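>>> model the following, please.
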Amino acid sequence: MLPRIRIAQVFAVLLLITSVAWGDVDAPTARKDAIQLNNLGVAYMNQQNFNRAEELFSAAIEKDPTLLIAQLNQGIALLNSQQLSQASAVLHKVIAQDPKNAPAWYNLGLVARKNGNTAETIVDFKQVVALDADNADAHYLLGSGYQQNKNYKDAILQYQAALQLNPLHASAEFGLARAYQETGSLDAARTAFQRFQHITGEKLGSPMTISYGEMGRYSMAQTIHVAEPEVGPMIPVRFVREPIGSDAKTSSSAKGGDENGGGACMIDLFGDGKTDLI
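From the prediction side, this is the model:
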């Protein structure tokens, strides 16, 4: 018989094995619930059901007020459901918590653009390109803001920056053609417009629109990917056939170990190189 303390140790290890195998299924954490609600909201965004998506993002925030991605997604949902003042308020809250959140600045710029606030559009997209200089869409939208403000020189620079990052950016090429035309550079305007026609005619790229999913990658709601839990080292298991009784032992030896007779499973529960009988 195993000593009492040894038996207690065995049961403790078996309990640990069970908890690792089955996980904590009784009470999911609030954060897990919030993440599920957020990801479901993104699925509704992809179906253009922005009101339902906003409800789910709101529920996710209620579960976990620290989940910043859900707050950003809520702002994006409000923007796409044309609730612009509410979207602006939510996005400003995100920026207050994370001033370097480029997607929040980007969507705030889209809100300003829809509101026809050119000055704020320029301010917001300047923040985006300062945080993410490799974002071609942000350069284009900043250029568009400059062009609406009749600042054609800076508009051209931003369109060129967008095209350097993405030579097939149809909207930037078209904007460049218009800006050149406004400055009287007709040859340059003609060349840029021909490139635009080639890009769209050959279906190499398409102009940005105001529809969800076509305003740049930062305008898309974000899912939250949960890393799979790491599995620790497993308890080494060694199966050994131990025939019980002389007849069984003889039969097992003669037949090379068949399935007749009893047996025992020996597990090294404590990692000490000695098997334990359970």
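
>>> and the contacts of the helix or strand containing Ser85?
Assigned by DSSP states H and E, Ser85 belongs to helix 84-97. Helix 84-97 has contacts (CB atoms under 8 Å, 6 or more residues apart in numbering) with 68, 71-72, 74-76, 78-79, 101, 104-105, 107-108, 111, 114-115. (Glycine included, C-beta is placed from N, CA and C.)

>>> so which bits of that helix are buried?
Gln86, Ala87, Ser88, Val90, Leu91, Lys93, Val94, Ile95 (16 or more other CB atoms under 10 Å).

>>> ok, then the element right after that helix?
Criterion used, DSSP H and E; the element after helix 84-97 is helix 102-114.

>>> would you mark the buried spots in that next one?
Per 16+ other CB under 10 Å, helix 102-114 contains these buried residues: Ala102, Pro103, Ala104, Trp105, Tyr106, Asn107, Leu108, Gly109, Leu110, Val111, Ala112, Arg113.

>>> with stretch 214-226 instead?
Neighbour-count burial for stretch 214-226 [16+ other CB under 10 Å]: Met215, Gly216, Tyr218, Ser219, Met220, Ala221, Gln222, Thr223, Ile224.

>>> same check on stretch 47-65?
49-50, 52-61, 63-64.

>>> now the helices for the stretch 151-278 of the chain?
152-165, 170-182, 186-201, 246-255 (DSSP state H, counting those that start in this stretch).

>>> any chance of the buried residues of helix 102-114 in a markdown table, plus pLDDT and distance to Ala177?
Converted to a markdown table, the buried residues of helix 102-114 look like this (pLDDT from 0 to 100; distance: CB to CB, whole Å):
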| residue | pLDDT | distance to Ala177 |
| --- | --- | --- |
| Ala102 | 98 | 28 |
| Pro103 | 98 | 29 |
| Ala104 | 98 | 31 |
| Trp105 | 98 | 28 |
| Tyr106 | 98 | 24 |
| Asn107 | 98 | 27 |
| Leu108 | 98 | 28 |
| Gly109 | 98 | 23 |
| Leu110 | 98 | 23 |
| Val111 | 98 | 27 |
| Ala112 | 97 | 25 |
| Arg113 | 97 | 20 |
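
>>> need the residues you listed in TSV (columns: distance to Lys150).
Below are the buried residues of helix 102-114 laid out as TSV (distance: CB to CB, whole Å):
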residue	distance to Lys150
Ala102	27
Pro103	29
Ala104	28
Trp105	24
Tyr106	24
Asn107	25
Leu108	23
Gly109	19
Leu110	21
Val111	22
Ala112	17
Arg113	16
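
>>> among the buried residues of helix 84-97, which one sits closest to Asn149?
Ser88 (20.2 Å; CB to CB).

>>> pLDDT score for that closest one?
Per-residue pLDDT puts Ser88 at 98.

>>> so how far is Leu110 from it?
10 Å (CB to CB, to the nearest Å).

>>> Thr66 now?
Thr66 sits 25 Å away from Leu110, going by CB to CB.

>>> ditto for Asn101
According to CB to CB, Asn101 stands 14 Å off from Leu110.

>>> follow-up on the earlier one: what's the closest of the helices of the stretch 151-278 of the chain to Thr209?
helix 170-182 (9.1 Å).

>>> could you give me the buried positions within the closest one?
Ala170, Ser171, Ala172, Glu173, Phe174, Gly175, Leu176, Ala177, Arg178, Ala179, Tyr180, Gln181.

>>> which helices and strands sit right next to that helix?
helix 136-148, helix 152-165, helix 186-201 (3 or more CB pairs under 8 Å, 6 or more residues apart in numbering; DSSP states H and E).

>>> just say which of these is most tucked in.
helix 136-148 (a mean of 25; mean count of other CB atoms under 10 Å).

>>> output that helix as CSV, nothing but the C-alphas.
Listed next in CSV are the C-alpha coordinates belonging to helix 136-148 (Å, rounded to 0.1, in the frame of the first residue of the first chain):
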residue,chain,number,x,y,z
ALA,A,136,-0.8,55.1,-49.0
ASP,A,137,-4.5,55.6,-48.4
ALA,A,138,-3.8,58.2,-45.7
HIS,A,139,-1.5,60.1,-48.0
TYR,A,140,-4.2,60.1,-50.7
LEU,A,141,-6.9,61.3,-48.2
LEU,A,142,-4.6,64.0,-46.9
GLY,A,143,-3.9,65.1,-50.5
SER,A,144,-7.6,65.2,-51.1
GLY,A,145,-8.1,67.5,-48.1
TYR,A,146,-5.4,69.8,-49.4
GLN,A,147,-7.0,69.8,-52.8
GLN,A,148,-10.4,70.8,-51.4
